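*Asks:* Structure of the sequence below:
(one chain, ligands or ions: 1)
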Amino acid sequence: MSEHAPAIRLPVSVLTGFLGSGKTTLLQALLRHPGMARTAVVINEFGEVGLDHLLVAKASENMVVMDSGCVCCTMRGDLVNTLRDLFLKRVRGEVPEFDRVIVETTGLADPAPIIHTMIADPLLAARFRLDGVVSTVDAAHGMSQLDQHPESVKQAAVADRIVLTKTDVAVPTATLALMKRLEAINPAAPVIPAAHGQVDPDALFNAGLYNPATKSPDVARWLKEEAYRDEQQHGHGHDHHHHDHDHGHEHGHEHGHDHDHDHDHDHEYGEHCGPDCGHEHHHHDANRHDDHIRAFCMVVDEPIRWNGFVDFMEALITLRGADILRIKGILNVVESEMPVVVHGVQHMFHPPVRLEAWPDDDHRSKLVFITRDVGQPVIEPMFRQFVQGEGSATA
Ligand SMILES: Nc1nc2c(ncn2[C@@H]2O[C@H](COP(=O)(O)OP(=O)(O)OP(=O)(O)O)[C@@H](O)[C@H]2O)c(=O)[nH]1
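*Replies:* As a prediction, the model looks like this:
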């Protein structure tokens, strides 16, 4: 079990969000805050027309544009090189000092491989740490984008913070419905409304495990396990028919989605609607992308064996790696008095971190999962089998 010293690594935030959802507007507004002056920005532009960097260049001297492809697929190696390069230039004094990096992805990017890159590359991992994922969602068009584009659901599902943009032009009832839907997709991520990118940077950054203010890990804020529990009280995580999406709203998981048919957003679907779309029938659509997202928390009373946990993770990743969008957890392992923090995205796991102390008196293991179609009824028996032997996991 290796350990990292998070304090010396520069925080990297990934800014994602659907096409035109307001990433660049947000970035520009953020960079105007004095506290954001020492920020380097990496922008990935895909396609021939890329003006974002011209806009952002005014605000940040530390700006790198990667323009040869999409950061989520072909550009992973380049992201690694770009960040390494940036770090070396900083060391050599060739760029102004910076102590934070924001990577803005293209609107179509799948954020998971980018997060992989951040946590999997050993050189990057030594110099940078993933602070968090900020996703922009367009208050005016987000509802239909979530309906139409699975990547926009994924962008919301993996986020640590969601910024709801264009609230100045959206219908308030539609904004509320969208907020509820986002809360159902990602219970732990605060949804922060922002018109024209006006949002306090403190609300978006320092979302990671490490708390720069206290210089210690802030597990409670990072894990936000209670958010998943609240959802479960409303029915989340108890979806025992997890393979059967045809029954949509009969399931507890669908809490929050019901609100979709209360509000007046039919006009938004218009030209985006597919052949199956009947506007007001969206709630019957078995293929709604967020109906596939599962977010739940497992709490385990007894200390667990580390090797059993590793076996469990290997089995889960082998079987369903692509569908495990995010896992975070604090573990009470038999082998250690102190807690171990784990953090994974799809196939990749961040090296576990052993904390120096328990954050509070609650020494139970807690694992939160955000998955695609892999519900608690699938994961819990696997967990029992590999980790607990005869023990039991309780939600
Ligand atoms: N009214 C209003 N317009 C906004 C807001 N945020 C962004 N816009 C506008 O929406 C359009 C797209 O915003 P961008 O910031 O370029 O969005 P983006 O996500 O960077 O776009 P891509 O890089 O193309 O994916 C621009 O015309 C912005 O001026 C907002 O809060 N209110």
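
*Asks:* okay, CA-based contacts and neighbour counts for the rest of this
*Replies:* OK.

*Asks:* Name the residues of the chain found near the ligand, please.
*Replies:* 18-25, 106-107, 165-169, 195-197 (C-alpha under 6 Å from any ligand atom).

*Asks:* Sort out for me which of those are in strands.
*Replies:* T165 (DSSP state E).

*Asks:* In the stretch 251-395 of the chain, where is pLDDT below threshold?
*Replies:* 251-289, 345-348, 390-395 (pLDDT under 70).

*Asks:* can you give me the strands in the stretch 151-300 of the chain?
*Replies:* Here the stretch 151-300 of the chain has its strands, by DSSP state E, counting those that start in this stretch, at 161-165, 191-194, 210-211, 216-217, 293-300.

*Asks:* so which of those strands is the most packed in?
*Replies:* Ranked by mean neighbour count under mean count of other C-alpha atoms under 10 Å, the strands of the stretch 151-300 of the chain are led by strand 161-165, which reaches a mean of 27.

*Asks:* quick check: mean pLDDT across the longest helix seen in the chain?
*Replies:* Using DSSP state H to assign secondary structure, the helix with the most residues in the chain is helix 76-92. In this model, helix 76-92 carries a mean pLDDT of 78.

*Asks:* Give the buried residues for that helix.
*Replies:* R76, L79, V80, T82, L83, R84, L86, F87, R90 (16 or more other C-alpha atoms under 10 Å).

*Asks:* Distance to P217 added to those, as TSV?
*Replies:* Converted to TSV, the buried residues of helix 76-92 look like this (distance: C-alpha to C-alpha, whole Å):
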residue	distance to P217
R76	28
L79	27
V80	26
T82	28
L83	24
R84	25
L86	26
F87	24
R90	26
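
*Asks:* And stretch 13-28, end to end?
*Replies:* 15 Å (C-alpha to C-alpha, to the nearest Å).

*Asks:* which residues are in contact with it?
*Replies:* 52, 55-56, 59, 100-109, 111, 115, 130-138, 145, 151-152, 155-156, 165-166, 196-198, 205 (C-alpha atoms under 8 Å, 6 or more residues apart in numbering).

*Asks:* before we move on, back to that, just flag the most distant two among the buried residues of helix 76-92.
*Replies:* Between any two of the buried residues of helix 76-92, the greatest separation by C-alpha to C-alpha is 21.1 Å, found for R76 and R90.

*Asks:* picking that back up, can you redo the strands of the stretch 151-300 of the chain as JSON lines with distance to P96?
*Replies:* Output for the strands of the stretch 151-300 of the chain, formatted as JSON lines (distance: least, C-alpha to C-alpha, whole Å):
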{"stretch": "strand 161-165", "distance to P96": "28"}
{"stretch": "strand 191-194", "distance to P96": "29"}
{"stretch": "strand 210-211", "distance to P96": "24"}
{"stretch": "strand 216-217", "distance to P96": "27"}
{"stretch": "strand 293-300", "distance to P96": "41"}
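
*Asks:* Looking at those strands, which is nearest to T371?
*Replies:* By C-alpha to C-alpha (comparing all of these), the closest turns out to be strand 293-300, at 5.1 Å.

*Asks:* for the closest one, packing partners?
*Replies:* Other helices and strands packing on strand 293-300, by 3 or more C-alpha pairs under 8 Å, 6 or more residues apart in numbering; DSSP states H and E, are helix 172-185, helix 225-233, strand 365-372.

*Asks:* Now render those as JSON lines, adding mean neighbour count and distance to V353.
*Replies:* Shown next, in JSON lines, are those (neighbours: other C-alpha atoms under 10 Å; distance: least, C-alpha to C-alpha, whole Å):
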{"stretch": "helix 172-185", "mean neighbour count": "22", "distance to V353": "27"}
{"stretch": "helix 225-233", "mean neighbour count": "19", "distance to V353": "18"}
{"stretch": "strand 365-372", "mean neighbour count": "23", "distance to V353": "14"}
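
*Asks:* Least reliable of those by average pLDDT, please.
*Replies:* Among the helices and strands packed on strand 293-300, helix 225-233 scores lowest, at a mean of 64.

*Asks:* Make CSV out of the helices and strands packed on strand 293-300 and add distance to V12.
*Replies:* Listed next are these as CSV, based on distance: least, C-alpha to C-alpha, whole Å:
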stretch, distance to V12
helix 172-185, 24
helix 225-233, 23
strand 365-372, 21
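
*Asks:* Which among those is found nearest to A126?
*Replies:* Using C-alpha to C-alpha, the nearest of the helices and strands packed on strand 293-300 to A126 is strand 365-372, at 25.2 Å.

*Asks:* Helix or strand next in line after the closest one, which one?
*Replies:* Using DSSP states H and E, the helix or strand that follows strand 365-372 in sequence is helix 376-383.

*Asks:* mind listing what's buried in that following helix?
*Replies:* Per 16+ other C-alpha under 10 Å, helix 376-383 contains these buried residues: Q376, M382, F383.

*Asks:* what does stretch 299-314 give?
*Replies:* Result for stretch 299-314 [16+ other C-alpha under 10 Å]: buried residues 299-306, 308-309, 311-313.

*Asks:* if we can go back for a sec, tell me the one of the buried residues of helix 76-92 nearest R320?
*Replies:* Of the buried residues of helix 76-92, the one sitting nearest to R320 (C-alpha to C-alpha) turns out to be R76, at 22.1 Å.

*Asks:* This completes my enquiry, with thanks.
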